[in-house]
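Asks: quick one, fold the following:
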Amino acid sequence: MLKRRCIMNLIFLYILAAGMVYTAANMNFTTLDEAVTIMAVPVEVQSIIPVPDSKTETQVMAGRIFWIGSERKDQIALTFDDGPNPEYTPQILAVLDKYHVRATFFMVGEMAQQYPKVVRMVIEQGHEVANHTMNHPEAPKVDSQRLRQEVLGEAQLLEQISGKKIHYFRPPYGYFDAAYFQACRDNNMDVVLWSIVPKDWEQPPAEIIARRVAAEIRPGAIVLLHDGGGDRRQTVKALPLIIEAIHAKGLQAVTLSQLLE
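Replies: You can find the predicted model right below:
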């Protein structure tokens, strides 16, 4: 079973090398170093991954992998992982509402089950919810069937709570497995990683989190932040500074659906 899974992951990596990694940007190439760093796939395939332009990607309805949006739009996406959290998610929502911006929340199923009212609060305020598995497993430590159940079970749960189709999935820890990819294709979901990582999970001061984001802001960027999984007070404090830096660059913070459509 383990041998078969390793083979499937190698096939998946070959697909990446063959050019089936998508961005919404009009790009010709991206380096494999970028892809491996972001996706935490510990295998070298080749030095360059060709990326189709936006005309090609519109032919694929699901199973795409994004880590950046279109550079032709003056937009950026703020994303929050590991919630919903009854303490920090409402605080983040209040900041987003104050600045009239929208975001995407990658939710963990076990948290959504405990706090369905917070899930509905996110939806009611115009934000987007997305799939971050049921229990946030470490992919290398569990089998492919469990990973598939993590994806599909979470999609079903969030759709029941929110009343909306779930379009995006993000693998915990950024570790991607072929089982995740197939489950997403089967459920008409795309995979979304990130292009800006301020490491707020390490709980540095808010000013440092904001400075790390501001240094890399550009059109199409996808920012990885957290509203759950630990003490997120510094993330909450950093959020106004981040939004102000986004606005200072003449960009608008939007949901992933808006950024990637």
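
Asks: element containing residue 90?
Replies: Here residue 90, judged by DSSP states H and E, is contained in helix 88-98.

Asks: what about the helices in the stretch 51-200 of the chain?
Replies: 54-57, 88-98, 109-114, 116-124, 144-162, 178-186 (DSSP state H, counting those that start in this stretch).

Asks: may I see those arranged in CSV, with mean neighbour count and mean pLDDT as well?
Replies: The way it works is simple: take the backbone N, C-alpha and C, and place the C-beta from them, glycine included. Listed next are the helices of the stretch 51-200 of the chain as CSV, based on neighbours: other CB atoms under 10 Å; pLDDT from 0 to 100:
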stretch, mean neighbour count, mean pLDDT
helix 54-57, 13, 34
helix 88-98, 19, 98
helix 109-114, 18, 98
helix 116-124, 17, 98
helix 144-162, 19, 96
helix 178-186, 21, 93
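
Asks: counting contacts, what elements does the helix holding residue 90 pack onto?
Replies: If you count contacts as 3 or more CB pairs under 8 Å, 6 or more residues apart in numbering; DSSP states H and E, helix 88-98 packs onto strand 75-83, helix 116-124, helix 233-248.

Asks: contact partners for the nearest residue in space to residue 84 that is not next to it in sequence?
Replies: Nearest residue to residue 84 in three dimensions, chain neighbours excluded: residue 118, at 3.8 Å (CB to CB, 6 or more residues apart in numbering). Taking CB atoms under 8 Å, 6 or more residues apart in numbering, we find residue 118 in contact with 83, 84, 85, 86, 89, 90.

Asks: nearest to residue 177 among those residues?
Replies: The closest of these to residue 177 turns out to be residue 83 (CB to CB; 22.9 Å).

Asks: residue 65 contacts residue 190, doesn't it?
Replies: Yes - contact criterion CB atoms under 8 Å: residue 65 and residue 190 qualify, at 7.2 Å.
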